[in-house]
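A.B. asks: following is a predicted model, sequence given first.
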Amino acid sequence: MMGLRWYARRLRIDEDGDVVDEFLDEVSPDATTTMEDDRSLPRFEVKYNTKPAKVRNLALLPNGKIQHLVEYQGKLEWL
């Protein structure tokens, strides 16, 4: 599991306890946009008010998935 420590360092945790490598927020359209712009795809921006996740351990499951032991609010949880 040594090769995945770089990924564990990138993980972020939000106020709900969700852990991912990048959180995105949808950007609301400006009031000055025209009706033509409303049909475009939604826009997103990176959410920067998250904290780095405190990953304590990694485990490889028999099905090939990787579990992270993360410290959140003083408790350790496998995610």
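C.D. replies: Now that the structure is in, tell me what you want to look at.
A.B. asks: so what pLDDT did the most centrally placed residue in the chain get?
C.D. replies: A centroid search over the chain (C-alpha atoms, centre = their mean) returns Val20, at 2.4 Å, as the residue closest to the centre. Val20 is assigned 82 on the pLDDT scale.
A.B. asks: do Asn63 as well
C.D. replies: Asn63 is assigned 93 on the pLDDT scale.
A.B. asks: host element of it?
C.D. replies: Assigned by DSSP states H and E, Asn63 falls within no helix or strand.
A.B. asks: for Thr50, see how far away it is.
C.D. replies: With distances taken as C-beta to C-beta, to the nearest Å, Asn63 is found 28 Å from Thr50. C-beta: built from backbone N, CA, C; applies to glycine.
A.B. asks: low pLDDT regions in this structure?
C.D. replies: The model of the chain has pLDDT under 70 over residues 1-2, 30-39.
A.B. asks: show me the strands in it, by range?
C.D. replies: Ranges of strands in the chain, per DSSP state E, are 12-13, 19-20, 24-27, 43-46, 51-52, 54-60, 66-72, 75-78.
A.B. asks: just give me the longest helix of the chain.
C.D. replies: helix 5-10 (DSSP state H).
A.B. asks: between Asn63 and Thr50, which is the more surrounded one?
C.D. replies: Thr50 (17 against 5; other C-beta atoms under 10 Å).
A.B. asks: would you confirm that the more buried one contacts Asp21?
C.D. replies: No - shown here, Thr50 and Asp21 do not form a contact pair, counting by C-beta atoms under 8 Å, at 10.6 Å.
A.B. asks: contacts only, for the residue nearest to the centre of the chain.
C.D. replies: For Val20, the contact set (C-beta atoms under 8 Å, 6 or more residues apart in numbering) comprises 11-12.
A.B. asks: quick one: it from Pro62, how far?
C.D. replies: Taking C-beta to C-beta, one finds Val20 at 24 Å from Pro62.
A.B. asks: how about the nearest residue to Leu60, chain neighbours excluded?
C.D. replies: In space, and not counting its chain neighbours, Leu60 is closest to Ile66: 5.9 Å by C-beta to C-beta, 6 or more residues apart in numbering.
A.B. asks: from what I can see the one you found touches Trp78, true?
C.D. replies: No - contact criterion C-beta under 8 Å: Ile66 and Trp78 do not qualify, at 10.7 Å.
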